[in-house]
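Asker: need the 3D shape of this:
(2 chains)
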Amino acid sequence: MTFARRTLTVAWKDLLVERRAKESLNALVFFSLLLLFLFQFALGPDRDRLQAVLPGALWLGFLLAGLLALGRAFQVERENDCWEALLLVPGDKSAIYLGKLVGSLVVMLVVEALVLALFTVFFNVDLAAAGAGLVLVVVLGTLGFAAVGTLFSAMTAHVRARELLFPVLLLPVLVPVLLATVEATAGLFRGEPIGAVSRWLGLLAAADVVYVVAGILTFDVILEG
Amino acid sequence: MAGDSLIRVSGLVRVFGATRVLAGVDLEVAPGEAVALLGANGAGKTTLLKILATVLRPTRGTATVGGYDCVREAEAVRGLVGLVAHGAHVYDELTALENLRFWTALAGQRRPPATLADALADVDLERFAHARVRTFSTGMKRRLALARLRLARPRVLLLDEPFTGLDQRARKWLEGALETHKAGGGALLMATHGLARDLTVADRLAVLAAGRVVLDTLRAGLGIDDVQRLYAAHAEEGP
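Answerer: Numbering: from 1, shown residues only, chains lettered A, B, ... in the order given. Sure thing, here's the model as predicted:
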């Protein structure tokens, strides 16, 4: 069986479990909606103020929702000791990491698409102007977030204080991704062309490569405990 | 003991914190042989099975399966062993069939749908092929785990309380499957508390107490009363 097929098998399983249980999706949508309401009440209708804080508010929403989603990524493997069975399957364990990453990435992108749609309604902003550039920033930013989040979720899956430890470990490592996504999004919201934010996109792409490669190289050790 | 043992454990020690669960276990299982591992709760039966399955690492000593070291050559060992432990290794939100499809696909085994359905029929779960596992009882989950093992066809079976929760039909199927496994040259190490019917498939009995094998004897010729007497005499030995 090829590496890609093993990866897709794990991703298929995770997405099927999520589609049926809807544990992450329901919680994330509700949580995101709550955040949008809070931002709306706090920021009011002042356009200049909105312009300044919207990129940060948007990514704060993505970040908090992502922390919820990724923190749960390996909980499903604890039921009926499936973690043990994953360990015992012969073959390259990094395919399991990539499958979990793809599953988390799809769930996060679905939630983010919904949040973006609601964002335009709540704040009366035209995201179409940011267009393909914004899609690229969201995809690259979410990939980096999910890559390192999946790895740390596995690391903390068996730790008693995992809810506390997971964000404490994750957020410092995510600084390059958060910096690049907020700066690139701010530029695009100001109407700058995609070329003007290319250095931030470059930083995002580089961080993604580093995080995914680190995940592939270290997941075996983490799974073995 | 034959020199070509499939399972060989020598001086195995495993410490959890201040507790020494295994304190120098020596045991061998030959091809075509089934050994029942007996002992009181906490005697270290599950720990020994998990070390052989490469889930746990020993603190000291060596354990090999098929000649491969369980620590240094864990990947090779994983290709030889099948473990049924307390957790059924199944996902509650998937159906029985989807679980089998997932695990066989992940192991790189291409099994046609008819083969998966046959495996479910063997353990009397064919009517529940499309039911989600979260609706299953503990016994049904255990049967599904055994169906998964049947598809994997490992050379060495490591079973922790395999008959627990099984009804008569599933029990009979499992006994037959284990006999077939032995006849095919496979080895079987089975932890159990059952001192009667659970032992019918066993060729040898090994009693663990105080972290060591305190009795290793052939089962042939032993009646239930003999087994109970031997167990009572050895299993409660303190450190």
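
Asker: contacts only, for the residue nearest the centre of chain B.
Answerer: Nearest to the mean C-alpha position of chain B, by CA atoms, centre = their mean, lies residue B:159 at 1.4 Å. By CB atoms under 8 Å, 6 or more residues apart in numbering or on different chains, the contact list for residue B:159 reads B:49, B:83-84, B:188-191. Glycine gets a C-beta too; all of them are placed from N, C-alpha and C.

Asker: recalculate using a threshold of 7 Å.
Answerer: Shown in contact with residue B:159 (CB atoms under 7 Å, 6 or more residues apart in numbering or on different chains): B:84, B:190.

Asker: secondary structure class for the residue in chain B positioned nearest to chain A?
Answerer: Chain A sits closest to residue B:87 of chain B, with a gap of 2.5 Å, by CB to the nearest CB. Three-state call for residue B:87 (DSSP: H, G, I helix; E, B strand; the rest coil): coil.

Asker: distance of it from residue B:163?
Answerer: According to CB to CB, to the nearest Å, residue B:87 stands 17 Å off from residue B:163.

Asker: using PDB, write out every CA atom in the least confident helix or strand in chain A by mean pLDDT.
Answerer: Least confident helix or strand, chain A: helix A:23-43 with a mean of 83, by mean pLDDT, DSSP states H and E. In PDB, the C-alpha atoms belonging to helix A:23-43 read as follows (Å, rounded to 0.1, in the frame of the first residue of the first chain):
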ATOM      1  CA  GLU A  23     -18.500  16.900  18.100                       C
ATOM      2  CA  SER A  24     -15.800  19.300  16.800                       C
ATOM      3  CA  LEU A  25     -17.900  20.900  14.000                       C
ATOM      4  CA  ASN A  26     -20.900  21.800  16.200                       C
ATOM      5  CA  ALA A  27     -18.700  23.200  19.000                       C
ATOM      6  CA  LEU A  28     -16.600  25.200  16.600                       C
ATOM      7  CA  VAL A  29     -19.500  26.700  14.700                       C
ATOM      8  CA  PHE A  30     -21.200  27.700  17.900                       C
ATOM      9  CA  PHE A  31     -18.000  29.000  19.400                       C
ATOM     10  CA  SER A  32     -17.100  31.100  16.300                       C
ATOM     11  CA  LEU A  33     -20.600  32.600  16.200                       C
ATOM     12  CA  LEU A  34     -20.300  33.600  19.800                       C
ATOM     13  CA  LEU A  35     -16.900  35.300  19.100                       C
ATOM     14  CA  LEU A  36     -18.400  37.200  16.100                       C
ATOM     15  CA  PHE A  37     -21.200  38.500  18.300                       C
ATOM     16  CA  LEU A  38     -18.700  39.600  21.000                       C
ATOM     17  CA  PHE A  39     -16.500  41.300  18.400                       C
ATOM     18  CA  GLN A  40     -19.500  43.100  16.900                       C
ATOM     19  CA  PHE A  41     -20.600  44.400  20.300                       C
ATOM     20  CA  ALA A  42     -17.100  45.400  21.300                       C
ATOM     21  CA  LEU A  43     -16.100  47.100  18.100                       C
END
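
Asker: now do that helix: which elements does it pack against?
Answerer: Judged by 3 or more CB pairs under 7 Å, 6 or more residues apart in numbering or on different chains; DSSP states H and E, the packing partners of helix A:23-43 are helix A:47-71, helix A:94-123.

Asker: mind listing what's buried along it?
Answerer: A:24-25, A:28-29, A:31-32, A:35-36, A:39, A:43 (16 or more other CB atoms under 10 Å in any protein chain shown).

Asker: and for stretch A:205-221?
Answerer: Residues of stretch A:205-221 classed as buried by neighbour count (16+ other CB under 10 Å): A:207-208, A:211-212, A:215-216, A:219.

Asker: which parts of chain B sit against chain A?
Answerer: When proximity is defined by CB under 7 Å from any CB of the partner chain, chain B lies next to chain A at B:53, B:55, B:75, B:78-79, B:83, B:85, B:87-94, B:102, B:105-108, B:141.

Asker: what kind of secondary structure is whichever residue of chain A sits closest to chain B in?
Answerer: Among all residues of chain A, residue A:81 sits closest to chain B, at 2.5 Å; criterion: CB to the nearest CB. At residue A:81 the chain is in helix, as set by three-state DSSP.

Asker: could you do the one 4 residues further on as well?
Answerer: Following three-state DSSP, the label given to residue A:85 is helix.

Asker: how about it, what does it touch?
Answerer: Counting by CB under 7 Å, 6+ apart, residue A:85 has contacts residue B:89.

Asker: separation between it and residue B:85?
Answerer: Applying CB to CB, the value for residue A:85 to residue B:85 is 9 Å.

Asker: for residue A:44, what are phi and psi?
Answerer: Backbone dihedrals for residue A:44, given as degrees, to the nearest 10, come out at phi 70, psi -170.

Asker: where does pLDDT dip in chain A?
Answerer: Residue ranges of chain A with pLDDT under 70: A:1.

Asker: what parts of it come near chain B?
Answerer: Residues of chain A lying near chain B (CB under 7 Å from any CB): A:1, A:6, A:9, A:13, A:16-17, A:20-21, A:76, A:79-82, A:84-85, A:87-91.

Asker: now list the buried members of those.
Answerer: Buried positions within the residues of chain A next to chain B, assessed by neighbour count (16+ other CB under 10 Å), are A:6, A:9, A:13, A:16-17, A:76, A:79-82, A:84-85, A:87-91.

Asker: quick check: which element contains the nearest residue to residue A:184 once chain neighbours are set aside?
Answerer: Leaving aside its sequence neighbours, residue A:184 sits nearest to residue A:200 (CB to CB, 6 or more residues apart in numbering or on different chains; 3.8 Å). Residue A:200 belongs to helix A:198-224 when elements are defined using DSSP states H and E.

Asker: quick one: residues contacting the residue lying closest to residue B:147 once chain neighbours are set aside.
Answerer: Once flanking residues are discounted, residue B:147 sits nearest to residue B:119: 4.3 Å by CB to CB, 6+ apart. For residue B:119, the contact set (CB under 7 Å, 6+ apart) comprises B:100, B:147, B:150-151.

Asker: cool, and residue A:118?
Answerer: Counting by CB under 7 Å, 6+ apart, residue A:118 makes contact with A:33, A:36.

Asker: residue B:170 versus that one, what's the distance?
Answerer: Residue A:118 sits 51 Å away from residue B:170, going by CB to CB.

Asker: same check, this time on residue B:130
Answerer: Between residue B:130 and residue B:170 the computed distance is 20 Å (CB to CB).

Asker: good, we can wrap up now.
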